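1. only the shape, not the letters, is given here:
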DNA sequence: CTGAAAGCGCTTACAG
DNA sequence: CTGAAAGCGCTTACAG
């Protein structure tokens, strides 16, 4: 069986209190005693039982991260960022994703109850009243990613997509003699896509660009559908002096490939820009001009917020805004 | 403060022993008593303190997953598969990745010690003697992903890439009048790439295909380098009746784009196949024929193995082999 | 079927 | 500076 604080105490000829003290760097333990204890710890390869410790301290040094899904580059970047920061700060990361059949509340309950985690980072695609209820009951600090939950105290980190989008569209319009911009978006129910569309309307208005009924499309964020849409329209788009703003890189890649297949040059005949700056953005020719959304930074910031909150429970909720950023490559033609 | 087993006992008018019994479905608690306790639990919203429980039971119901990196689609698929299965079996998943500066042993020590996790799934890109030492000291069941560590008792799950690769290359050669196959691989130090190369040699020999010195290339798994290599060579490849076998989908995408840019038709002038069946494989035109490696299944299988091991500590080590699978799409021309 | 008591391995006032 | 003792919230023989 594993060795305990008792074994260390015996070996070092002190009481367990003293061992505990050197473990927790508390008070000033006598130099010599401390050394004796420390070498006993080393010799025995002792490390304290986390359960016993947690029982007393009521801290696990485990942070929970709940994501809507584990699929895709975004989520993995969030995990990556959170994991790194958590390590730096001496925490471990427990991960869960909602699955199709439940709405995630079941899971969150499981994670948040029990006092298993010291804090919780949550990203939710759709906030149901059941989820709100669950979150309200959470007894640990909460950080919500990219969203807000009324009536529940929490810090949050959000990404400002608007600024980056506007920068990208202005960049496009300043440099080229463009007469139209075609927006190839995600579903109308998707908040992110609609935010990008809002920025699109702002900038087109600013530049006096007309937006026709055929200039805004709502697809599903997939390469295939974007390819098909573009295959049917690139000719006309090019003829009418348009550029394409796709709401993610994958769709932008589909548009580029369709243009190429139609013997059109990108960006010469048809500039195309994307969104997200995923790996895909460097896997097209020409490479995509796009907007980078700092996902791993979001993960890291969430951990930071949680840890700050541990130190100061009462301070008012923080809302951290992370900036998106224009990444200029070749597909915009400037 | 949170409510404890004491509160429940008081409310239900029983001793904590009885509450504990209904919690653990032990013995037969009197029907009526059980109901009283259960409703007390519900009313109070009680859930047992994990630390106290862990202290007695010496089980946390947390499983550790250590990956070399959190970047990329593979790792996220492993996490996804492991997470789902862990949930099904009533476990939580704690995740860590090695970081650049250490070699992962530091981390594993941290995870495995402490008795924080009940078992550990580990994937290591390079097994150093320090890592071996750390693993040897692990006190919990171990599952190694895609590798083997001598002198350390562990179960493992590996992927048989050979069978899938051979199936793909045979498929290519049976259907086309190919005179050569160009291998565009990863680094020579990469085991996976070398395995794929071995299969390549087998099948070319089987079909009497000559392998010239310029037919095998070792790149870095990136789109860009593959694009550049192909841009310089596609003309000759096509002229000499070759097909391209890239060791991952990204490089295959680079080759396709380079061929297209050179006005070559894929697959008519130059068949191209990839490996991995990542998202990228559906983001090229033509879509990639490739070999699917079941990453999420690997994650799930690892969790299964761990849980079987809990039930039967003594049974000899299991090595689970997962099959890769040929996925025929359009880029091979059949 | 149920309760009183011991014990899991720690931390932390409280004395000295 | 150090030790004896209480207590964290559970589980589990041991009696009844």
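-> All right, it came through fine. Only a predicted model underlies this, so the values are computations on that prediction, with no experimental measurement involved.

2. domains in chain A, as residue ranges please.
-> According to automatic domain parsing, chain A comprises the domains A:5-57, A:62-158+A:296-322, A:161-293.

3. can you give the distance of the shortest one from its chain's centre?
-> In this case it means domain A:5-57. When distances are taken as C-alpha atoms, centre = their mean, to the nearest Å, domain A:5-57 is centred 40 Å away from the chain's centroid.

4. do that domain and chain B come into contact?
-> Yes - Domain A:5-57 lies within reach of chain B by C-beta under 8 Å from any C-beta of the partner chain, at A:45, A:47-55. Every C-beta, even on glycine, is put in place using the N, C-alpha and C of the backbone.

5. switch those residues over to TSV; also include distance to residue B:263.
-> Formatted as TSV, the residues of domain A:5-57 next to chain B follow (distance: C-beta to C-beta, whole Å):
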residue	distance to residue B:263
A:45	66
A:47	64
A:48	68
A:49	68
A:50	64
A:51	67
A:52	71
A:53	68
A:54	66
A:55	71
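
6. write a ChimeraX command that selects only the buried members of those.
-> ChimeraX command restricting those to the buried ones, with burial defined by 16 or more other C-beta atoms under 10 Å in any protein chain shown:
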select /A:47,48,49,50,51,52,53,54,55
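
7. residues contacting residue A:77?
-> Applying C-beta atoms under 8 Å, 6 or more residues apart in numbering or on different chains to residue A:77 gives the contacts A:295-296, A:299.

8. let me fix that: residue A:244
-> By C-beta under 8 Å, 6+ apart, the residues touching residue A:244 are A:181-182, A:184, A:230, A:237, A:252, A:255, A:270-273.

9. so which of those residues sit within strands?
-> A:181-182, A:184, A:272-273 (DSSP state E).

10. also within reach of DNA strand C: list those from the residues you listed.
-> Checking the ones in strands among the contacts of residue A:244 against DNA strand C by C-beta under 7 Å from any atom of the strand, not one of them is in range.

11. now, among those residues, which is nearest to DNA strand D?
-> The closest of these to DNA strand D turns out to be residue A:184 (C-beta to the nearest atom of the strand; 53.9 Å).

12. and for that closest one, nearest residue in space, chain neighbours not counted?
-> Nearest residue to residue A:184, sequence neighbours excluded (C-beta to C-beta, 6 or more residues apart in numbering or on different chains): residue A:246, at 4.4 Å.

13. now swap in residue A:195 and tell me
-> In space, not counting the residues next to it along the chain, residue A:195 is nearest to residue A:161; the distance is 5.3 Å by C-beta to C-beta, 6+ apart.

14. so what's the residue count around that neighbour?
-> By other C-beta atoms under 10 Å in any protein chain shown, the residues close to residue A:161 number 24.

15. and residue A:217, by the same measure?
-> Residues near residue A:217, counting by other C-beta under 10 Å, number 18.

16. quick check: closest non-adjacent residue to it.
-> Residue A:217 sits nearest to residue A:184 (C-beta to C-beta, 6+ apart), 5.1 Å away.

17. again, but for residue A:142
-> Residue A:142 sits nearest to residue A:154 (C-beta to C-beta, 6+ apart), 3.9 Å away.

18. for residue A:305, same thing?
-> The nearest residue in space to residue A:305 (C-beta to C-beta, 6+ apart) is residue A:155, at 4.5 Å.

19. from DNA strand C, how far out is residue A:38?
-> Residue A:38 sits at a distance of 14 Å from DNA strand C (criterion: C-beta to the nearest atom of the strand, to the nearest Å).

20. for chain A, just list every one of the strands.
-> With DSSP E as the criterion, chain A has strands at A:62-67, A:92-97, A:119-123, A:142-145, A:155-160, A:180-185, A:216-218, A:242-246, A:272-273, A:290-292, A:319-323, A:325-327.

21. most packed of these?
-> Most buried of the strands of chain A, by mean neighbour count (mean count of other C-beta atoms under 10 Å in any protein chain shown): strand A:272-273, with a mean of 31.

22. show the average pLDDT along that strand.
-> Taken as a whole, strand A:272-273 has a mean pLDDT of 98.

23. and it, what does it pack onto?
-> strand A:242-246, helix A:249-261 (3 or more C-beta pairs under 8 Å, 6 or more residues apart in numbering or on different chains; DSSP states H and E).

24. what's the local residue count around the residue of the stretch 151-300 of chain A found nearest DNA strand D?
-> For the stretch 151-300 of chain A and DNA strand D, the shortest gap (C-beta to the nearest atom of the strand) falls at residue A:153, measuring 23.0 Å. When counting by other C-beta under 10 Å, one arrives at 12 neighbours for residue A:153.

25. for the residue lying closest to it once chain neighbours are set aside, give its distance to residue A:157.
-> Spatially, and ignoring its direct neighbours in sequence, residue A:153 is nearest to residue A:317 (6.4 Å; C-beta to C-beta, 6+ apart). Taking C-beta to C-beta, to the nearest Å as the criterion, residue A:317 is separated from residue A:157 by 12 Å.

26. pLDDT score assigned to the closest residue to residue A:145 other than its chain neighbours?
-> Excluding the flanking residues, the one nearest residue A:145 by C-beta to C-beta, 6+ apart is residue A:123, at 3.9 Å. Each residue has a pLDDT score; the one for residue A:123 is 89.

27. next up, the contacts around residue A:123.
-> A:66-68, A:78, A:144-147.

28. by pLDDT, rank those residues and give me the bottom one.
-> When the contacts of residue A:123 are compared by pLDDT, residue A:68 scores lowest at 83.

29. so how far is residue A:277 from that residue?
-> Counting by C-beta to C-beta - residue A:68 and residue A:277 are separated by 21 Å.

30. could you do residue A:175 as well?
-> Noted for residue A:175: a distance of 19 Å to residue A:277, by C-beta to C-beta.

31. repeat for residue A:312
-> 34 Å.

32. these two: which has the busier surroundings?
-> Legend: neighbour count by other C-beta under 10 Å for residue A:312 and residue A:277, higher for residue A:277 (24 against 8).

33. contacting residues for that one?
-> A:249, A:288, A:290-293, A:327.

34. can you check residue A:321 too?
-> Taking C-beta under 8 Å, 6+ apart as the test, what residue A:321 contacts is A:157-160.

35. so where do the helices sit in chain A?
-> For chain A, applying DSSP state H gives helices covering A:5-12, A:16-23, A:31-44, A:50-57, A:72-88, A:105-112, A:129-137, A:161-175, A:191-206, A:223-239, A:249-261, A:295-311.

36. mean pLDDT lowest for which of those?
-> Taking the mean pLDDT of the helices of chain A, helix A:105-112 comes last: a mean of 59.

37. residue A:121 contacts residue A:143, correct?
-> Yes - with contact defined as C-beta atoms under 8 Å, residue A:121 and residue A:143 form a contacting pair (4.7 Å).

38. any residues in contact with both of the two?
-> In contact with both residue A:121 and residue A:143: A:302, A:306, using C-beta under 8 Å, 6+ apart.

39. list, one by one, the residues from the stretch 51-200 of chain A near DNA strand C.
-> A:52-53, A:55-57.

40. make a markdown table out of these and add distance to DNA strand D.
-> Formatted as a markdown table, those follow (distance: C-beta to the nearest atom of the strand, whole Å):
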| residue | distance to DNA strand D |
| --- | --- |
| A:52 | 7 |
| A:53 | 9 |
| A:55 | 4 |
| A:56 | 5 |
| A:57 | 9 |
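
41. could you pull up the residues touching residue A:278?
-> By C-beta under 8 Å, 6+ apart, residue A:278 lies in contact with A:73-74, A:248-250.

42. phi and psi next, for it.
-> phi -80, psi -180 (degrees, to the nearest 10).
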